[in-house]
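Student: Provided below for reference: sequence and predicted model.
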Amino acid sequence: MIFHYTDHPHLRADERLLMVLDELGVADRNHIGTVLNWKDNTVRYVIHQWRSKGISVEDRDRLEQLKKEIQNKWGERREAPAEVRREYQTLSQSIQEARDAWIRIIRPTRAAKRNNLYTLGVKGIQYCRQIILEQQGTVKEKQDSHWGHYVGLNDILLRLIQSFGCEKLQWYGSYEATSYLFRSLDHLGEKYDRKKVIRPDALGVIDGQMVWFEYDNDTEWTQQIEKKMREYVETLTQIQDLNPVLWVAPSQKRATDLQEVWEYIREEFDVIPKMYFFEAGKEIDWLQSIKVSA
């Protein structure tokens, strides 16, 4: 679905960026630029335009005036009178909240070695819901602590685009992938427990071949992994889905650990889907080696 927005004739360029970021969840400018086929400067500019959208002109002008006043009278803000510092802090906070209402910036730790990340704020989410004519309901922003999972999944999408090209690729996030499973189960006309249906991270269609994707950020316990694997088996076998499930992990050790869990779980079932486990990046080698013909 994400590529539906990249050249949508009824959306402005800035709206296309907002919709793509909504699909990506949490992304850096390289993710956004690759999906939209934009240069980094264009991505940076459009993000800046959205973040400037809600700022009060009066607040902005008053803050600039305060900065000059502090510089001329006291040199540094800490030397200014308390009431001046309070006004400066209040204005700064108001402007920051206005920026974050559209697009928030997440700054990973230096050890993470990642560029700044971006995610939609409340107004950004509401705007996207209006575009797709979806009822608002409860608006939930992405949690900063989950950025590693989103980025790992978006890195997979980036590698797929670079390896296969957008014209041969379809990409559906967790919501759409799960909706596909619900529709498939509904079509059977049998009762099932929606709570036990697997929520895949993504569904990719590469040159006509469907592939389920699961990104493991090495944060889930073994019991959580076991539960997810059982849900994959039960859901996919019920709808007779024979498409492969690719688990991608940040290291070879983690990929091996996941495979060991699977070797244990698979003994519980007579019929199982094909599951493969890779260190990030090596899934592309596998997909290319089989020419995506499961």
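Tutor: Sure, I can see it. Numbering: from 1, shown residues only.
Student: what about the stretch 101-250 of the chain, any weak spots by pLDDT?
Tutor: Scanning the stretch 101-250 of the chain for pLDDT under 70 picks out the ranges 135-137.
Student: mind listing the strands for it?
Tutor: Secondary structure of the stretch 101-250 of the chain (DSSP state E, counting those that start in this stretch): strands at 103-106, 117-120, 169-173, 202-206, 209-215, 245-249.
Student: out of these, which comes closest to residue 33?
Tutor: Taking C-beta to C-beta, strand 117-120 is the member of these nearest to residue 33, at 11.4 Å. The way it works is simple: take the backbone N, C-alpha and C, and place the C-beta from them, glycine included.
Student: mind jotting down where the helices sit in the stretch 51-200 of the chain?
Tutor: Ranges of helices in the stretch 51-200 of the chain, per DSSP state H, counting those that start in this stretch, are 57-73, 82-100, 122-131, 147-164, 174-188.
Student: just say which of the ones you listed is most tucked in.
Tutor: Mean neighbour count (mean count of other C-beta atoms under 10 Å) peaks for helix 147-164 among those, with a mean of 20.
Student: quick one: contacts of it?
Tutor: 2, 24-28, 30-31, 34-35, 106, 108, 112, 114, 117, 119, 142, 169, 171, 201-202, 204, 206-207, 213, 215, 217, 219, 248, 250, 280-281, 283-284, 287-288, 292 (C-beta atoms under 8 Å, 6 or more residues apart in numbering).
Student: check these for burial and list the buried ones.
Tutor: Buried subset of the contacts of helix 147-164 (neighbour count, 16 or more other C-beta atoms under 10 Å): 2, 24-28, 31, 34-35, 106, 108, 117, 119, 142, 169, 171, 201-202, 204, 206, 213, 215, 217, 248, 250, 280, 283-284, 287, 292.
Student: who touches residue 80 in this structure?
Tutor: 70, 73-74, 88.
Student: repeat that for residue 22.
Tutor: For residue 22, counting by C-beta under 8 Å, 6+ apart, the contacting residues are 120, 124-125, 128.
Student: surely residue 171 touches residue 206?
Tutor: No: with contacts counted by C-beta atoms under 8 Å, residue 171 stays clear of residue 206, the gap being 9.3 Å.
Student: can you tell me the closest non-neighbouring residue to residue 105?
Tutor: The shortest distance from residue 105 to any non-neighbouring residue, by C-beta to C-beta, 6 or more residues apart in numbering, is to residue 116 (5.4 Å).
Student: how much space separates the one you found from residue 202?
Tutor: Residue 116 is 23 Å from residue 202, where distance means C-beta to C-beta, to the nearest Å.
Student: can you check residue 66 too?
Tutor: From residue 66 over to residue 202 (counting by C-beta to C-beta), the distance is 47 Å.
Student: CA atoms only: put stretch 89-97 into PDB for me.
Tutor: Extracted in PDB, the C-alpha atoms of stretch 89-97 (Å, rounded to 0.1, in the frame of the first residue of the first chain):
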ATOM      1  CA  GLN A  89      11.300  28.600  28.400                       C
ATOM      2  CA  THR A  90       7.500  28.900  27.900                       C
ATOM      3  CA  LEU A  91       7.900  30.200  24.400                       C
ATOM      4  CA  SER A  92      10.400  27.500  23.500                       C
ATOM      5  CA  GLN A  93       8.300  24.700  24.800                       C
ATOM      6  CA  SER A  94       5.200  26.100  23.000                       C
ATOM      7  CA  ILE A  95       7.000  26.200  19.700                       C
ATOM      8  CA  GLN A  96       8.500  22.700  20.200                       C
ATOM      9  CA  GLU A  97       5.100  21.300  20.900                       C
END
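Student: wait, isn't residue 88 in contact with residue 66?
Tutor: Yes: using C-beta under 8 Å, residue 88 is in contact with residue 66, at 5.2 Å.
Student: residues near residue 47, how many?
Tutor: Using other C-beta atoms under 10 Å, residue 47 has 21 neighbouring residues.
Student: next: residue 278.
Tutor: When counting by other C-beta under 10 Å, one arrives at 20 neighbours for residue 278.
Student: that one falls within a helix, correct?
Tutor: No: applying DSSP: H, G, I helix; E, B strand; the rest coil, one finds residue 278 to be strand, outside a helix.
Student: wait, it sits on residue 244?
Tutor: No: taking contacts as C-beta under 8 Å, residue 278 lies outside contact range of residue 244: 11.4 Å.
Student: in JSON lines, list the strands of the stretch 101-250 of the chain along with distance to residue 258.
Tutor: JSON lines is the format used below for the strands of the stretch 101-250 of the chain (distance: least, C-beta to C-beta, whole Å):
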{"stretch": "strand 103-106", "distance to residue 258": "27"}
{"stretch": "strand 117-120", "distance to residue 258": "25"}
{"stretch": "strand 169-173", "distance to residue 258": "21"}
{"stretch": "strand 202-206", "distance to residue 258": "17"}
{"stretch": "strand 209-215", "distance to residue 258": "9"}
{"stretch": "strand 245-249", "distance to residue 258": "5"}
